[in-house]
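Asker: this is the structure alone, sequence omitted:
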């Protein structure tokens, strides 16, 4: 890890922390001079991008159209879980909360 950050093996904790922050900023397309607002906006954009990638992947796995809404994805996933209940560990065998628990 130290080599990846361009640090010597005897780097201080502070140097490691600074190098990790610099890497995070660089990965977000920011610099040390970036503002907190810019950092927050970049993190939000990254989270939204990952969420969209996850939804796209879920649509593909569930066989839904590319333009399926998030609600349609949720409903299809709920239906898949219901249809495949026996494959899910602990489902319907008295595990967890509610009726049927010992």
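Answerer: That came through fine. The structure displayed is predicted, hence computed values, not measured ones.

Asker: which stretches of the chain aren't confidently modelled?
Answerer: Residues of the chain meeting the criterion pLDDT under 70: 90-102.

Asker: tell me which strands and helices the longest helix along it is in contact with?
Answerer: Ranked by residue count under DSSP state H, the longest helix found in the chain is helix 36-62. Where contact means 3 or more C-beta pairs under 8 Å, 6 or more residues apart in numbering; DSSP states H and E, helix 36-62 is packed against helix 70-83. Where you see a C-beta, it was placed from the backbone N, CA and C, and this is true even at glycine.

Asker: tell me what angle the helix it packs on forms with helix 36-62.
Answerer: Interaxial angle, helix 70-83 versus helix 36-62 (axes from the mean of the first three to the mean of the last three C-alpha atoms, to 10 degrees): 50 degrees.

Asker: residues touching helix 70-83, excluding its own?
Answerer: 55, 58-59, 62, 64, 68, 88 (C-beta atoms under 8 Å, 6 or more residues apart in numbering).

Asker: and with 10 Å instead?
Answerer: 51-52, 54-56, 58-59, 61-65, 68-69, 87-88, 91 (C-beta atoms under 10 Å, 6 or more residues apart in numbering).

Asker: ok, now stretch 41-57?
Answerer: 24-25, 27-30, 34-35, 64, 66, 68-70, 73-74.

Asker: quickly find the element holding the residue nearest to residue 34 when sequence neighbours are not counted.
Answerer: Using C-beta to C-beta, 6 or more residues apart in numbering and skipping the chain neighbours, the partner closest in space to residue 34 is residue 25 (6.4 Å). Applying DSSP states H and E as the criterion places residue 25 in helix 13-27.

Asker: elements contacting that helix?
Answerer: helix 36-62 (3 or more C-beta pairs under 10 Å, 6 or more residues apart in numbering; DSSP states H and E).

Asker: buried sites along the helix it packs on?
Answerer: For helix 36-62, the buried set under the neighbour-count rule, 16 or more other C-beta atoms under 10 Å, comprises 42, 55, 58-59.
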